[in-house]
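Trainee: Give me coordinates for this.
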Amino acid sequence: MEDNIGPKNWNRIQAAMAFEEPDQVPFFLHSSGPFHTSLNQVPVMDYYNSVEKMLEVQQATNKRFNGLTAIAPDLSMAIETSAMGAEITWTSDGNSWVQPFVKTEEDIEKLEVPDLDDAAYMTKVFEYYRYMKEKVGKVTPVAFNSTHSPWGVAALIRGTSEFFADVVENPGFVKKLTRKTLDLSLTYLRAMQEAVGPENFTRILLWDDLASFVSLEQFREFVLPLYEEIFGAFPQCERWYHNDADATYILEGIADAGIQVFHYGYEVDPAFAKEKIGDRVCLVGNVPPLAVLRNGTPVDVENSVREIIGKSGKGGGLIIAAGGYLDEGTPAENIDAMIRACEKYGKKDGLSSLQEQVESEAAEKEEAGTRAEAIPTEERVSGEIPEIDHIRNAVISGQYKDIQIPLRQALEKGIPPQNVIDEAIVPAMDHVGQLFSNAQIFIPEMLMAAKASEAVLEILSPIMVGDQAVKSKGKVAIATVKEDLHDIGKNIVLSMMQGGGFEVVDLGVDCPAEKIVEAVRDGAQIVGLSAVLTTVLPNMKEAIDTLEREGLREKCRILIGGAAVTPPVVEQVGADAYCRNAGEGVTMAKEFIGQLSKGSRKK
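Mentor: Here you go, the predicted structure:
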């Protein structure tokens, strides 16, 4: 590394923020508890439970990377949510789980900004900050300027599935709840400013992955005003933003919010982001944190950095970083490789030629591939029976409250219930999956379609008995693996599978291997496993290994997905296929059921 690299890199960051071309593209190391503790081989809960240990571990990381990582109090997602009144459960691998508790408008009315001397983990984070500042603040700056967005906090204390359904079904509820969480954010940031000192409180980092779950129009209605009010309250502060979900479709909204620096995820194409907002927002990213930085080689890292700089480095406004936090288990040598690649490919005088090379390579790849054809959102599949058309289109539109009318009309006309499923529900949910895959609907609309599909099946199931029983395409068991409590993705897959004509068993979250084994013994032909946290991937492998030990692996096909899962994980854990989204999962499940029915063995 260069001598005195820290100050040099920071000066380059400031130049990039000003949309100047520094002498070299800078980089940023965005770290957190799981990375610090895995690097230094310290139990992660020792880190969170002891500020002394937290400071010791962060100092060790800071020393390893020549002062390039921050010293900061770190209590994960527990701070704001616990201050609102949520109960927090910590797992042994250091994940803080928020127990949703907001069910009604009366619950919202009871929410108050707490006394920060008695605000659960928010009180604790101030204690941690004061300790760190006292111990090292005269030598090393202690960062204290980041907060979870009020949008994300509201989603967690409400429950993500319920919250995103509310976006469509009860927008007033969402706005009342986010007003409460916004008040907390403003109070928290003002208290930070006082603790740090106004002269040193010069930057705010707002983080909010869940903003990517909505459309641009919904972002502008619900999320943008929250960001504007927060940043408007601190006009002297730099406006930094972290969102490592797929923010492709809300990029313009992020720029409209006045974000100056955007730390973005690996799913967003750097060239697209540069074209869309690169003249207004400095981009930070987006080396894939799992597939490349954690699981790849130094050569893989170098190639990724080269491509990102080639796509978005010309004209300034680029800071290289992981497309998310540095993940637990990321080898230090891969981070070194990322820094060296900035030195190798990020020189100012080489940016134009690198851009030409990368653009040429991308054009060759595009010629070899095909781009998915968009399906208009307003398109409706039409058949010969009006009642079937009405049911199908009601599902696609998510009109679950009104769907009983065409359903009753269909039944009164003598249309068999199985026909309703085969000709209305299954094609409707297939269409919904296609719309989602083409980014023409988003999580809220998917949840509404799922509700409509479920409403039909709830009415039909009791009357379909004996010879009239629902003819299932196969039996599917769905679970989020042990020690992972995320449920929104699992719930969407579950509903899509039901709408696709499968019998579905919901094994829930934090699912032990034994429950998965029992489901296969009970006839599940497809097992869908979700993991959002990288720390639980060994539990996914253990579940599959347990099926193998029990002699059941040949009886089922295993689909995996979730934020922690990438295509290489399939081989690592012994699964059969990776699914990018719920619609893809349904398609693969149908293919695998066909193979099983023909007696083909697992490859």
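Trainee: Could you say which helix or strand holds Gln418?
Mentor: Gln418 is part of helix 417-420, with elements assigned from DSSP states H and E.
Trainee: which helices and strands does that helix pack with?
Mentor: helix 386-397, helix 404-412, helix 443-463 (3 or more C-beta pairs under 8 Å, 6 or more residues apart in numbering; DSSP states H and E). No exception for glycine: its C-beta is placed from N, CA and C like everyone else's.
Trainee: and those helices as TSV, adding distance to Tyr121?
Mentor: Shown next, in TSV, are the helices and strands packed on helix 417-420 (distance: least, C-beta to C-beta, whole Å):
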stretch	distance to Tyr121
helix 386-397	41
helix 404-412	45
helix 443-463	27
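Trainee: which one is Val358 nearest to, not counting chain neighbours?
Mentor: Gly310 (2.7 Å; C-beta to C-beta, 6 or more residues apart in numbering).
Trainee: circling back to that earlier point, of all the helices and strands packed on helix 417-420, which lies closest to Val139?
Mentor: Val139 sits nearest to helix 443-463 of all the helices and strands packed on helix 417-420, at 45.4 Å, using C-beta to C-beta.
Trainee: Check which element follows the closest one along the chain.
Mentor: strand 475-480.
Trainee: Using PDB, write out the CA atom coordinates for that next one.
Mentor: What follows is strand 475-480 as a C-alpha-only set of coordinates in PDB (Å, rounded to 0.1, in the frame of the first residue of the first chain):
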ATOM      1  CA  LYS A 475     -45.900 -31.000  -2.500                       C
ATOM      2  CA  VAL A 476     -43.600 -28.200  -1.500                       C
ATOM      3  CA  ALA A 477     -42.100 -27.400   2.000                       C
ATOM      4  CA  ILE A 478     -40.800 -23.900   2.500                       C
ATOM      5  CA  ALA A 479     -38.500 -22.700   5.400                       C
ATOM      6  CA  THR A 480     -36.100 -20.000   6.500                       C
END
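Trainee: what's next to it, contact-wise?
Mentor: Identification of contacts with strand 475-480 by C-beta atoms under 8 Å, 6 or more residues apart in numbering yields 486-487, 489-490, 493-494, 497, 502-511, 515-516, 519-520, 523-532, 562, 589.
Trainee: Distance from the chain centre to stretch 553-570, please.
Mentor: 18 Å (C-alpha atoms, centre = their mean, to the nearest Å).
Trainee: Repeat that for stretch 31-49.
Mentor: 22 Å.
Trainee: what's the span of it, first residue to last?
Mentor: Criterion C-alpha to C-alpha, to the nearest Å; first-to-last residue distance in stretch 31-49 is 18 Å.
Trainee: Likewise for stretch 192-200?
Mentor: End-to-end for stretch 192-200, by C-alpha to C-alpha: 10 Å.
Trainee: Give me the mean pLDDT for that stretch.
Mentor: Mean per-residue pLDDT for stretch 192-200: 95.
Trainee: Pull out the buried positions in that stretch.
Mentor: Using 16 or more other C-beta atoms under 10 Å as the test for burial, stretch 192-200 gives Met192, Gln193, Val196.
Trainee: Give me the next element, helix or strand, following the longest helix along the chain.
Mentor: Counting residues, the longest helix in the chain under DSSP state H turns out to be helix 171-196. Remark: after helix 171-196, the chain's next helix or strand is strand 203-207, criterion DSSP H and E.
Trainee: quick one, that following strand and helix 171-196 angle?
Mentor: 140 degrees (axes from the mean of the first three to the mean of the last three C-alpha atoms, to 10 degrees).
Trainee: Format the CA atom coordinates belonging to the one helix or strand Val586 maps to as CSV.
Mentor: Element membership of Val586 [criterion: DSSP H and E] is helix 582-597. The C-alpha coordinates for helix 582-597 follow below in CSV (Å, rounded to 0.1, in the frame of the first residue of the first chain):
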residue,chain,number,x,y,z
ALA,A,582,-40.3,-16.4,-6.3
GLY,A,583,-41.4,-16.7,-10.0
GLU,A,584,-38.3,-18.4,-10.9
GLY,A,585,-38.8,-20.8,-7.9
VAL,A,586,-42.2,-21.8,-9.2
THR,A,587,-40.9,-22.5,-12.7
MET,A,588,-38.0,-24.6,-11.3
ALA,A,589,-40.4,-26.5,-9.0
LYS,A,590,-42.6,-27.5,-11.9
GLU,A,591,-39.6,-28.7,-13.9
PHE,A,592,-38.2,-30.7,-10.9
ILE,A,593,-41.7,-32.3,-10.2
GLY,A,594,-41.7,-33.4,-13.9
GLN,A,595,-38.3,-35.0,-13.4
LEU,A,596,-39.4,-36.8,-10.2
SER,A,597,-42.6,-38.1,-11.9
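Trainee: Please identify the buried residues of that helix?
Mentor: So, applying 16+ other C-beta under 10 Å, buried residues of helix 582-597: Ala582, Gly583, Glu584, Gly585, Val586, Thr587, Met588, Ala589, Lys590, Phe592, Ile593, Leu596.
Trainee: how close does the first one sit to Ile492?
Mentor: To tie it back to what came earlier, the one meant is Ala582. Separation of Ala582 from Ile492 (C-beta to C-beta, to the nearest Å) stands at 5 Å.
Trainee: Find residues that contact each of these two.
Mentor: Joint contacts of Ala582 and Ile492 (C-beta under 8 Å, 6+ apart) are Met446.
Trainee: What are the boundaries of the strands in this protein?
Mentor: Taking DSSP state E as the test, the strands found in the chain are 87-90, 96-99, 146-148, 203-207, 238-243, 261-264, 282-287, 318-322, 475-480, 503-506, 526-530, 557-561, 577-578.
Trainee: nearest to Asp166, of those strands?
Mentor: Here strand 96-99 is closest among these (C-beta to C-beta), at 16.8 Å.
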